Structures are given as structure tokens and as C-alpha cells.
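Here's a sequence, model it:
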Amino acid sequence: MNAVKRDQARGVIFLLTSFCDPVAFDHVPMMQALEKAGIPALTLSVEQHREPPEQLRTRVAAFAEMLRDSDAS
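Numbers count the residues shown, from 1 in each chain. The predicted model follows:
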């Protein structure tokens, strides 16, 4: 959260590898802190080397568009 606030991030993208419990351990508390701060977040869960790049690109583009739309409001 320190980096998010310091850099004035408008949103956060989490990229989690499926079945990688050590990485996912902090995910829930981070999501809760972001929600409390009113910062949008997107979680992408992928299997190592199996997620089609087009699907990830589409989800990230939609998230970026949502952030742009919220800035325009």
C-alpha cells in the first residue's frame, strides 16, 4: 500500500499464478486495503505458460478503460 499511495496509483493489477499459495497469501489483505482506500484492482489468475495473451490483454485493456472513464467523471 505504501507504493500505491506514494506513486498515486489509480488502480492495481495483481497477476497470480494458479496454485502458487505463497504469492496468493497476501492477496486478500491487499485487496481489502485497496477497497477501503477506494482504489480499483484487477486480479488475473493464470496457469504458468498457459494463459492466452489475448485474453489477458483484453482484461487489462478493459480495466484501463474503466480507470480512464472514472477520471473523466
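
ok, for the most centrally placed residue in the chain, nearest residue in space, not its chain neighbours?
Residue closest to the mean C-alpha point of the chain, counted by CA atoms, centre = their mean, is Ile13 at 2.0 Å. Nearest non-adjacent residue to Ile13, counting by CB to CB, 6 or more residues apart in numbering: Leu42, 4.9 Å away. C-beta here means a position set from N, CA and C on the backbone, and glycine is covered the same way.

before we move on, back to that, spit out the contact partners of the residue nearest to the centre of the chain.
Neighbouring residues of Ile13 by CB atoms under 8 Å, 6 or more residues apart in numbering: 41-44, 60, 63.

Run me through the strand neighbours of the helix or strand where it lies, direction for each.
Per DSSP states H and E, Ile13 falls inside strand 12-17. Paired neighbours of strand 12-17 in the sheet (DSSP bridges): strand 41-46 (parallel).

Need the distance between the two termini of stretch 37-45.
In stretch 37-45, first residue to last residue: 23 Å (CA to CA, to the nearest Å).
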